Structures are given as structure tokens and as C-alpha cells.
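Visitor: Requesting a structural model of the entry that follows:
(chains A and B)
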Amino acid sequence: MFEIDRIPDAVMRALTERGIDESAILLAAHADRTLELTVGDVYLFATSDALILMSGIVTLVKQEGKKTKALPLNSIWSEHAFDTYPIRELNGFRVEELLSAGRLTARRKLADEETPSTPSEPPKNGGEPEKRERGELILLACFTNFCKESMSLFAKYAKKIAEGESFEVDPKDDPTAKQCPKCGLRYPDLNRRVCPHCMEKGKLFRRFSVFLVRYRTQLILTVLSLIFLTAMSILAPFLSSGFFYDEVIYGTGQFAGELILVLGLIIGTAILKMFSTMINNYVTSYAAAKVGYDLKKTTFAAIERLSLSFFTGRQTGGLMTQVNEDANTIYNFFCNSVPYLLINIVQVVILVVLLFVIQPLLAFLSLVTVPIFFLLVRKLFHHERMLHAKRYSNSRQMNSFLSDVFSGMRVVKAFAGERAEIGRFTVRNRNLADSEKTLSLFTNYAWPALYQILHLGNIIVWGVGGWMVITGYGGMSYGMLLTYIAYMNMISSPLEFFASFSDQIADCSNALQRLFEIMDAQPDVSEKENPERPVQLGGSVEFEHVSFSYQKGKKIIDDVSFDVPDGKILGIVGHTGAGKSTLANLLMRLYDAEEGEIRVGGYPVKDLELATLYRNIAIVSQETYLFIGSILDNIRYARPDASFEEVVRAAKCAGAHDFIMKLPDAYDTRIGFGYKDLSGGERQRVSIARAILKNPKILILDEATAAMDTGTERRIQEALAELIKGKTTIMIAHRLSTLRDADELIVIEHGKVAERGTHKELLAREDGIYKKLFTLQAEALKSAGISE
Amino acid sequence: MGQMRFGDRGHRPDGHGRPPEQHRSLAEISVTVWLTPENTEFFIKNNFLYIKYGEKEQRAFLCRQFPFELQWEFISVLDEEQQEIGIIRNVELFEGPMRQMIVDELNRRYYSPVIERIISVKERYGFSYWKVQTAEGEVSFTLHDTYRSMVRAGETRVILVDVNGNRFEIPDTGALDRKSYKKIELYL
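Guide: Sure thing, here's the model as predicted:
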């Protein structure tokens, strides 16, 4: 049995009571809503000849006397309905998605549909490439998106059972891969296999400390200098208070009257303290910069190696934060907080011991306020953090508003929207000002008030200590009291630090988690071991029964086959979203095909070394991206070792040379974000020059001229004609006129090859999609006064 | 399979799966067909909503055009190919069982349990783990990038979209109890 979801024992028992043997069940899954979309448990089973639906409610009861979480709970099943369908009479299992919920549906086969049906007539208009399932539609189950994955799997395998196929479970579909191996709970996010219950912070920090071993010298120096610093800080009050008064001024011992000596000692400790501070600061700054630099490098390198799908699923902003801020958080924690924590612990312990040594009763009395102080500090910290977060979020909103409006200024002006924008700005500005006010009021009131509480301890010390000095209780002297008070004051700052430390741990573990997640992520597209590295790669391209989907269950490319002989031109036509660009992505191996095989020069792309593949394929797409840098750098991006001569030749071929020479700095003109803005056509020609310089075997033109006006398009077409000479070319186009030179054309519709042939052949087809599109476009051009 | 997904625009990186616009010219698309009790009939067959408009009987899929502003007005009726058959200006134009069918179908499509109380919110590693009380009982779910997963659908209405695409709704953040409100205050 393929148990997609765990089926409770009680349900299995109920099933057996119905006379259905457990061994007969091939497939089982759970849906969490009734057909009316109310809460309920529906269990779906498939045997080789029946589909069984049991609906009711499962109640879980804790087993008596057993406390561990891992033990299964006793389940009680109260059944509301029991339905069966002869599974062989069903087909077309599918999941219909609503927004939050979904439905599992199937169709009853018609009498004449016994055999896996062949469409009774060839697809008309090419508009309905799928066969129509015409039988009666049945609603099998409703569920929320929590069960979507299970239901899709159920539909997938139920289909196989209904068609009488034997099936093997695809390891990718194995539900245990989606559970935390430790506690058995499903991961809240399947793309991120992190179990919030079993996350171990300790493990994260241990793993990171391996990275820190490289900086042990710096860290040891930091700790040593801090220890020295603490020793000096503790020594200083003793010298200037206790020792000074009791021994030098009022004392009768060997130090009596030795004013110069004690002054020397005081100055000496001050100088030592200064030096240790300097050493500490030097080491910390040095280590922090070094660790920060290395961390950012590691993160960036880890990100760069991942496949494109990783980037499409994330926001660029998030990744930027990851590289910058997370690195800062981590090194701050390890290079500042941790050493500081160690020292603070040592300092507090020493201080408390000293306080008790000087006067136990006084120490006890004065430290009463410490726990209260500590608790209050923690509370205040949390509140302050929240206020900070609020301020941050308001300032983020303000910033995004500003960048939005300034970049959209043309539109604002065109629609006379200045007034409205000023209004919108005012709201955000006020929010920001309000949150800043709250924050600063809080920090200015709450903290001073808090210190008064700690000060209360000091008052006790003054009072009780003064009384002790006067009465001579326990041998208390004036100097001792002064030292005592100085130590008392030194205790507050470590306490404050401790209060904030748990938040720092949380921040750092978040950052570490994200870092390791990236480091551990496996690129979807990876080279196989010992990939093929042919010196000369042929230019032929073959797609054989290729299928692909970005999202599970939503096939973008569905069983596509075609081949382009070396040096020929293939045109790909289709509507927006038909899957044309995806074909290019697959050929470039930005994604891997799920089924089927793609071959370049006779080699399957999965067997080729990625560098070899990329060296031989170039893409010119509608979206051109030019990096910040000179035009020269951008053209050379394809081949950094290209000579100046080659760059100019490529630019000339691309028709870019002339406009580049009109720029004051010619090829050295800085372009990209924040610099000289090239027009769309100019950018396109620079990117064509880039492709020419690469001189690939295979060229993909993905709507390369789609956004151009006719004049520019013509010029770029000429440049492209130069570029594609002798190369295998795949031209993807919306505008059919650009495909006139293609040796063969394929029409893609709903991810399938709907038509295939030369321009002439396709036009000859009555009711063909290509013919229809061509006529439409020709008419549109005619009415616009342009004839092709 | 799985083409019945409307309304979640903007999630796909490349705009794949956009409804096909072929077969219809701009002139055809820009004409609005208003569906009224006079020209339209809704009925239920096997738990599914069907529409009879003109001569054709087919399955009907309903979609709010302004889901945040208008719950029962401007309802698009789409066919299986996600082509618009027409628009219901206001559900109230229909009466009796037919109106009920439309309301039921909309409730199904925009199914989102109402959060009555927030039991806990734990933010961890860029995800937040929620435990809430809804009319249907206690539910736990996970949001990725909490701030962006909480869609403001009006002054006080918030819709939460979890990692699986489940939707939960807080109809009025001001009506939440103080403890619950404090837990989400930061994200609003």
C-alpha cells in the first residue's frame, strides 16, 4: 500500500470490518474537508477495482500512562458515510484548485470509452489539443491546501490504477521525505526542510565555530585583553578608594603616607587599562572585518553556485540582506558579543565574590534589588526591540514609497498626481515620526527610571554601610565602603548585557540558519560526475518527448519533440505563455527537463560539462541585462580575453559601433544602474555584440526584437542576420514576419507542438493556427498602413 | 490537469499559465456580457455549478473582480477554459435558490476561515509559526516572510496566506482581543 498520508488504526479497522482486506489496498490518502467544505476527515482508498471513500471524524486520545510524544495516539473513528466507486469505470482524475481549497474530481467513462480513447476526430482549430473527457463529472473530495499535495499524488496514482497499470512509487513522491526524520511531523514548508520543533541551536553554533577556528589567534587575543581589562577595572577602585583611604591616609601600616607610591600605582593601572583597551579594540576591529569579509564571500559563493530556480523563488532584496546583514549579525555575535559575554560572566562572579568578602551582610542586602532589576531590564528590552522593529518597518515603507514615486515621476506628472503623492507621503512621514517619537520617549524615560531601582540598592549600601562604618560593625572602614560602592556600580552594565543576550542569540541563530541553508542547498541542475567535454561540439539540437513544469502538476511543456540539424534555423511560434521561452531555458539547462531528453551535438545536455554547453550556446532575449561598467566590459562579458579588435568587430556586426562612437567616452562609457542610460534598441545591440563575440554554435533569439519600433527592428534584424550565419538558430517570435528565414517552424500551444512545417506548408493548412495568426497579423499591419 | 487556478496572479516567475487569449479578438474581449436572471440560468449537477447562457450549458467558475472591495458584486463567470462568459453585476439580481448557488460557490472559492483568537506566533528563521482559534477549531499554519504574507484588504481586514496557499482572514483587526492584537501588531 502506498500510504500518502498516515491512516489511523481505527480507520483501518473500520475498513477491515467492511470486509476489505488491508492487503488489497494499493493507495490511501486523507482529505480534511467534507464535500460541503466543513471540517471532517475523508479517507480515500484505491484497490485494483474499487475507489473507497470513508468520511467521518477521527478523534485522537492520549494513551494512558505514556507521556512521550513519539508514541502514537489512540484514534477513535466515527463514520458518517461510506461510498465506493468501481475504479475501472472512472477516468480523468484531477485536482481542481480553488483559492484556499481544492476538489478532487473524476469522470465516469462512457460506454464507448473502454479502451484508452483515441480522439474521435482530429483536433479542430488546433485549439483543443487535449482529448475531451465527456463522461459524467464526479466530486470525490474537498480539501484545504494542507492536503493539496496528497490529493495531487492520489490523482496521479489513481489514474494509473484506473487504467489497469501497475505502478511503482516515484521516490520523489515518498511522503517520508517530507517529514522531519526526528519527530515525524511534516515540514511546514516542503521547500525548506527545517523542523521548528527539532531545530537545535547548539548544533548551529557548533558548526559555525569550526569556521571560527581560523581566527583563533584573534579570538584568544580578544579574550586575553578583556581579562586584563577586567582585572584593571577591578583593581582601580580598590587602589583609589579602599587602599588609598585605609592604608595611605588613615593607615598606620607600611604604606602609611606613601602618597607618591599610591599615585604611581593609580596612574600605572590607568595606563595599563588604556593599553589593554587599545589592544582589545584593535584585535576586535581587525577580526570583525576579516570574519565579515570571509562570511560574505562564503555566502555569495554559495548563492552563485545555485540554479536559476532558487532565484526565481526568492526576492532579490532578501538575498541582498542575507549577504550583507546576516554576515554582520553573525560576526558581531561571535567577535563582540561572545567574548564580551565571557568577560561579563567572569566580572560579575568576581565582583559578587568581592562584595561578599568585603561585607557579607551588606552584599546580601544590596543585591536584593538585582533580580528585580534583571527581570525589568529583560521586559524593557523586548519592548524596545518591538519599538525599533516598528520604526524600522515604517522607515522601510517610507523608503520604498520614495523610490517608487521618484522612479515613476513621469507617470505622476502625466496624471497630475503630485497632490495625491504629497498626501501619501504625509501619511508615511507621520507614521515614521510617530514611531520615532515613541521610541525616543521610551528610551529617555524607561531607562532612567530603571536605573533608579538599581540605585535603590546603592541607597541601602549608603545607609547600612554608613551605619557600619560609624559603629565599626564587622570592621567596616570608610575606604572599604567606597570600594564597595564602586563595585556595586560596576555590576549594572553586565546585567544589562545579559538581559539582551537571548535576543542576540535568536538573531544570530536566524542568520546562521539562513547561511547554512544556502550552503546546504543542492543546485537542481548539476553536472554529473565525469561529464563529457568534447573539444568540438556539433550544432544540432534535438528534443525528445520533453516535459517540464515549474509548479507540480502544471505542465508547461508537455511531450515536445523536434530537431534542428546543424546550421539550420528553427522558428518557434505561439501565444504568450505557451511555453516558448521555457524551451529555451531547458536547452540552456537553466532548468532540467522532468521527462524526455534534450541533445546538443548528439550529447544529452545532462551529460555535458556545463561550461562546454554554455560556451556553445548564446541567447539574445527581449530582456537585456547590462551590468554596471563600461560598454567594453559588457561586450567582453562573453569572453573576457577578447582583444580590442575583436570587440570592435563584434560591435560593428551588431550595428552598435556607430552609436557607441557618438558617445563622448565611446567604448569606455559607463552604463548600467545610475549611469548613462542606453535606449532599448542600443542595449539590444550591445547584447547582440556580446553574443557575436561569444561566437557560439547555437544561438537562441528569444523575442529579440519584440519591443522595438519597426526602424530599429529592421536594423537589429540586419545585425542578427549577420550573427546567425552558419549557426544553428532557434528563433522565438511573436511577430511572424521575423521568422521568414526559418527553415522550419513549430507552433507551440499549451506546451505541446501543435503544428510543424515550413512557412509555406503551414500556410497551406486550412484552419491551421499558424495560418490564422499570420492572417491576423497581416491584417493588423495593413490597417496600420504597413505592408510586409 | 490543474488548470483551474484563477486569481493568484503574480506568483509565477515568468507569467506562465496565463489564460489563453487566442480565439478572441480585442473587440470581442472588450464587450461586457452582463448576466441577469433574464438571460442566464444557474443550476447544480452532481455538486458542480453549471450555467446555461444562450443555448450552451457548461460548468461555471466564479471569480470576484474586486475581492477586497466588493464581495457580492462584479462577479466574473468563467468557463472551463478560463474564458469569461459574462459578469454578474450584483448577486442580488438573482433570487431564491439560484442566488444561494452563487453565494455557496463564491464561499467555496473564497474559503478562508476567520481567525477569532491568536494563540501564538513564533517567528523563526524567516518563517512564522501560527496557532490560531477559528470557528472550525484550532489551526496551525506557517507563513513565509510574515510581513508580505499578510495582505491588507482594507483598513482593518487582513488576509493571511500560508506557505501552502491556505487563506485565513481577520475581518477586523480592531475587534481582536488585546493579547491577540499585540501578537500581530508588529506586522500591521
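
Visitor: switch to C-alpha atoms for all contacts and neighbour counts from now on
Guide: Noted.

Visitor: quick check, A:Val348 in a helix?
Guide: Yes: looking at A:Val348 with DSSP: H, G, I helix; E, B strand; the rest coil, it is inside a helix.

Visitor: quick one: what helix or strand has A:Val620 in it?
Guide: strand A:617-621 (DSSP states H and E).

Visitor: And that strand, what does it pack against?
Guide: helix A:680-694, strand A:698-702 (3 or more C-alpha pairs under 8 Å, 6 or more residues apart in numbering or on different chains; DSSP states H and E).

Visitor: of the ones you listed, which approaches chain B most closely?
Guide: strand A:698-702 (13.6 Å; C-alpha to the nearest C-alpha).

Visitor: Following element in sequence after the closest one, please.
Guide: Downstream of strand A:698-702 (by DSSP H and E), the next one is helix A:710-724.

Visitor: What are the buried residues along that following helix?
Guide: The neighbour-count check on helix A:710-724 (16 or more other C-alpha atoms under 10 Å in any protein chain shown) flags A:Thr712, A:Glu713, A:Arg715, A:Ile716, A:Gln717, A:Ala719, A:Leu720, A:Leu723, A:Ile724 as buried.

Visitor: Report the distance from that helix to the chain centre.
Guide: Here helix A:710-724 is found 39 Å from its chain centre; the criterion is C-alpha atoms, centre = their mean, to the nearest Å.

Visitor: repeat for stretch A:444-451
Guide: 40 Å.

Visitor: which bits of the stretch 551-700 of chain A sit near chain B?
Guide: A:Gly553, A:Lys554, A:Lys555, A:Ile556, A:His575, A:Thr576, A:Gly577, A:Ala578, A:Gly579 (C-alpha under 8 Å from any C-alpha of the partner chain).

Visitor: Now for the second one, how many residues are close by?
Guide: Other residues near A:Lys554 come to 15 when the count uses other C-alpha atoms under 10 Å in any protein chain shown.

Visitor: now the strands for chain B?
Guide: Using DSSP state E, the strands of chain B run over residues B:40-45, B:48-53, B:56-59, B:61-64, B:73-78, B:84-90, B:115-124, B:127-134, B:137-144, B:150-152, B:158-161, B:167-170.

Visitor: what lines up beside the fourth one in the sheet?
Guide: What that stands for is strand B:61-64. strand B:73-78 (antiparallel) (DSSP bridges).

Visitor: Equivalent analysis for the third one, please.
Guide: Note on strand B:56-59: by DSSP bridges, its sheet partners are strand B:48-53 (antiparallel).

Visitor: Give me the angle between the strand it pairs with and strand B:84-90.
Guide: Angle of strand B:48-53 versus strand B:84-90, following axes from the mean of the first three to the mean of the last three C-alpha atoms, to 10 degrees, is 90 degrees.

Visitor: what comes up buried for strand B:48-53?
Guide: B:Leu49, B:Tyr50, B:Ile51, B:Tyr53.

Visitor: Could you measure from the first one over to A:Ala764?
Guide: If I follow you right, that is B:Leu49. The gap separating B:Leu49 from A:Ala764 is 42 Å, by C-alpha to C-alpha, to the nearest Å.

Visitor: Please apply the same query to the last one.
Guide: Using C-alpha to C-alpha, one gets 36 Å for the distance from B:Tyr53 to A:Ala764.

Visitor: got it, and the third one?
Guide: As defined by C-alpha to C-alpha, B:Ile51 lies at a distance of 38 Å from A:Ala764.

Visitor: State the helix or strand in which the residue nearest to A:Lys156 when sequence neighbours are not counted lies.
Guide: Distances taken as C-alpha to C-alpha, 6 or more residues apart in numbering or on different chains place A:Phe93 nearest to A:Lys156, at 7.4 Å, with adjacent residues excluded. Taking DSSP H and E as the criterion, A:Phe93 maps to strand A:90-97.

Visitor: shaky segments in chain B?
Guide: Residues of chain B meeting the criterion pLDDT under 70: B:1-30, B:124-126.

Visitor: which one is the residue sitting nearest the centre point of chain B nearest to, not counting chain neighbours?
Guide: The centre of chain B sits closest to B:Tyr110, judged by C-alpha atoms, centre = their mean, with a distance of 3.4 Å. Nearest non-adjacent residue to B:Tyr110, counting by C-alpha to C-alpha, 6+ apart: A:Leu99, 6.2 Å away.

Visitor: what's around the one you found, how many residues?
Guide: Considering only other C-alpha under 10 Å, A:Leu99 is surrounded by 21 other residues.

Visitor: out of all of them, which helix in the chain is the longest?
Guide: Here I'm looking at chain A. Criterion DSSP state H: the longest helix present in chain A is helix A:418-471.

Visitor: let's do chain B instead
Guide: helix B:96-109.
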